[in-house]
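Novice: Sequence plus predicted model, see below.
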Amino acid sequence: MNLNSLDLNLLAALDALLREANVSRAAMRIGLSQPATSHALQRLRDIFGDPLLVRTGARMELTPRAQALRAPLAQALDQVRGLFVRDEFDAARSERPFRLMMPDLAVELLMPPLMEKVTRLAPNVRIDVVPWRGPAIFHAEFARTIDLVISIGNAFKGFHRQLLYTDSDALAVRRGHPAGVKLKRRDAFLAARHVGVIIRGNSEDLIDTWLRPRGIERHISLVVSGYREALHVAARTDLVAFVPRRLIAALSKQLGLVTMTPPLDPGIDEQFMFYPTRAQMDPGSIWLRRLMLETGRELEKHKR
């Protein structure tokens, strides 16, 4: 059977003929004229090599071949119709896994409130947060496995972005730090020993990327790969962490940290949510993106 030569409209005609066992009623069912339906029946007889409908007295009856076609044909047509029906995402019943990539500061700020929503609305959905990797090592094969990325900038090919929340950078030191408020002065800032944060895939701390063109170089004594690590170190040493202000606020009580305004202001940090272009109309992706955007808006309501 050459499928290229098959008119799918014939399948709809066959379904009507098998259901009605009557050419006139089948014609009304599919909105064709009786001659057009009779012509379709003749074509179907040629294709199947079977009369399909035979007259018995005043009635038409299905042949055994036609009887055997009824169930698989109905199932096949339902599957074809399903190709044109947009899938719905039933959050309450879904067991779908979602894979997110974000730096540790975003995990700290976003995931607890996000998971409260997910647990309430979709208790069987699973969220996997994978280790961060910068755009330089965000290759296509890996990108195909990711549902959302939380990041600054605009360097993820094949992804759309939406603003999630804004932040600014500040200095974090332990309570009782010997420099204390002096760190607001440029000379004390430059004299202090700092902990730098170089996220996987980056070549240097983004703060230093901003400072270097201004002819400023910090005294980096330790480099770690995450912002939380930097704050844990700052809480137990005299090292200074220059990190996002919202993260300091989230952990200051727990770690015994004090926030200091730096003598140099790098400006506003914009955190974006990136999602794959291929998933733009995917109901599950739309659901998760709405929850994430709602979480970002709630965070934005709190003063930096």
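Specialist: Noted; the coordinates are in hand. Quick caveat, the model's predicted, so the values are computed rather than measured.
Novice: buried sites along stretch 111-125?
Specialist: Neighbour-count burial for stretch 111-125 flags 111, 114, 117-118, 122, 125 (criterion: 16 or more other C-beta atoms under 10 Å). Placement of C-beta: from N, CA and C, glycine included.
Novice: Please identify which of those residues is nearest to residue 279.
Specialist: residue 125 (15.4 Å; C-beta to C-beta).
Novice: Tell me who's in contact with that closest one.
Specialist: Neighbouring residues of residue 125 by C-beta atoms under 8 Å, 6 or more residues apart in numbering: 91, 94-98, 118.
Novice: Can you tell me how far it is from residue 282?
Specialist: 14 Å (C-beta to C-beta, to the nearest Å).
Novice: Please indicate which of the contacts of residue 125 are buried?
Specialist: Listed as buried from the contacts of residue 125 are 91, 94, 96, 98, 118; burial here means 16+ other C-beta under 10 Å.
Novice: What is the nearest of these to residue 60?
Specialist: Nearest to residue 60 among the buried ones among the contacts of residue 125, with distances taken as C-beta to C-beta, is residue 94, at 46.7 Å.
Novice: tell me the contacts of that closest one?
Specialist: Taking C-beta under 8 Å, 6+ apart as the test, what residue 94 contacts is 122, 124-125, 284.
Novice: Tell me the secondary structure at it.
Specialist: Classification of residue 94 by DSSP: H, G, I helix; E, B strand; the rest coil places it in coil.
Novice: For the nearest residue to residue 8 once chain neighbours are set aside, grab the count of nearby residues.
Specialist: Nearest residue to residue 8, sequence neighbours excluded (C-beta to C-beta, 6 or more residues apart in numbering): residue 80, at 7.4 Å. By the measure other C-beta atoms under 10 Å, the count of residues near residue 80 is 12.
Novice: Need the phi and psi values for residue 80.
Specialist: Backbone geometry at residue 80, expressed as degrees, to the nearest 10, gives phi -60, psi -40.
Novice: From residue 283, how far off is it?
Specialist: 21 Å.
Novice: what does residue 292 give?
Specialist: According to C-beta to C-beta, residue 292 stands 15 Å off from residue 283.
Novice: In terms of neighbours, single out the busier of those two.
Specialist: Higher neighbour count among residue 292 and residue 283: residue 292, with 20 against 15, using other C-beta under 10 Å.
Novice: isn't the more buried one right next to residue 272, touching?
Specialist: No. In this structure, residue 292 is not within contact of residue 272 by C-beta atoms under 8 Å, at 10.8 Å.
Novice: tell me, what's touching these two both at once?
Specialist: 150, 164.
Novice: need the helices for the stretch 1-150 of the chain, in chain order.
Specialist: 8-20, 23-30, 34-48, 64-82, 104-121, 140-143 (DSSP state H, counting those that start in this stretch).
Novice: what's the longest one packed up against?
Specialist: For helix 64-82, the helices and strands in contact under the criterion 3 or more C-beta pairs under 8 Å, 6 or more residues apart in numbering; DSSP states H and E are helix 8-20.
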